[in-house]
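Colleague: would you be able to build a 3D model of this:
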Amino acid sequence: MAVPDNWEYNKKEDIVDGYYDLVDVQNQQEINEISNIPELEGLAIKKLQRIQNWNLYRRYQIMKAEVTHAVKKYAPNTIVERRLFHGTSSSKINAICKSGFDRDYSGTAAGSVHGTGTYFGVKVNLSRGYGNGLLLVRVLTGICTQSSGSNRPNLTIIPGSQCERVHSVVDNVANPS
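Modeller: Take a look at the predicted model:
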């Protein structure tokens, strides 16, 4: 698996199991790309950093291939990946960057009205309401279903599949928040 082109590092040989770095974004193209996200308009970006976590990156790429395969098979016009916001306490950001999102913490900060899982928002202001830290992340939304609002895990099977579960749960399938 190739190292992403935008990663900054001294030697490619350093990128092995366990490699993790939180780097200040210096690349002007990347800065512009993030700054031009409509949801961020009017907000002052104080610090822009990129997570370079080799283990999480590889795991994400494997999951992305699986979600992409399911989308092509069951819902070909579905978007596989979106950039979404996650609000949290700034004290938790380093742990998230190092180990990823942990469903064991689901609901500990603000409940889990849509079931067990990690919550992301399309709108930055909604996510900012969950803490003084904000992450912009790539999320494999894949095939989604409407939340039951039951505060329980959603085990919905993808229509047409025998056993594959939906990839995400949303508050509104037509216009998720």
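
Colleague: next secondary structure element downstream of the helix ranked longest in the chain?
Modeller: In the chain, assigned by DSSP state H, the helix with the most residues is helix 54-74. As assigned by DSSP states H and E, the chain's next helix or strand after helix 54-74 is strand 81-88.

Colleague: what helices and strands are in contact with that following strand?
Modeller: helix 124-128, strand 133-140 (3 or more CB pairs under 8 Å, 6 or more residues apart in numbering; DSSP states H and E). C-betas here are computed from N, CA, C, even on glycine.

Colleague: what about it, average pLDDT?
Modeller: Strand 81-88 comes out with an average pLDDT of 94.

Colleague: look up how far residue 23 lies from the residue nearest the centre of the chain.
Modeller: In the chain, the centroid-proximal residue (CA atoms, centre = their mean) is residue 139; its distance is 3.2 Å. Applying CB to CB, to the nearest Å, the value for residue 139 to residue 23 is 21 Å.

Colleague: my read: residue 34 touches residue 40, true?
Modeller: Yes. Distance between residue 34 and residue 40: 7.2 Å, which falls inside the contact criterion (CB atoms under 8 Å).

Colleague: name the nearest residue to residue 8, sequence neighbours excluded.
Modeller: Leaving aside its chain neighbours, residue 8 sits nearest to residue 23 (5.2 Å; criterion: CB to CB, 6 or more residues apart in numbering).

Colleague: where does the one you found land in three-state SS?
Modeller: strand (DSSP: H, G, I helix; E, B strand; the rest coil).

Colleague: could you list the low-pLDDT ranges of this structure?
Modeller: Across the chain, the ranges flagged by pLDDT under 70 are 105-116, 151.

Colleague: 80 - rerun?
Modeller: 103-117, 148-154 (pLDDT under 80).

Colleague: still on that earlier bit, burial measure for the residue nearest to residue 8, as a count.
Modeller: 14 (other CB atoms under 10 Å).

Colleague: I'd guessed it sits against residue 6; true?
Modeller: No. Counting by CB under 8 Å, residue 23 stays clear of residue 6, with 9.9 Å between them.

Colleague: quick check: neighbours shared by these two?
Modeller: Common neighbours of residue 23 and residue 6, using CB atoms under 8 Å, 6 or more residues apart in numbering, are residue 50.
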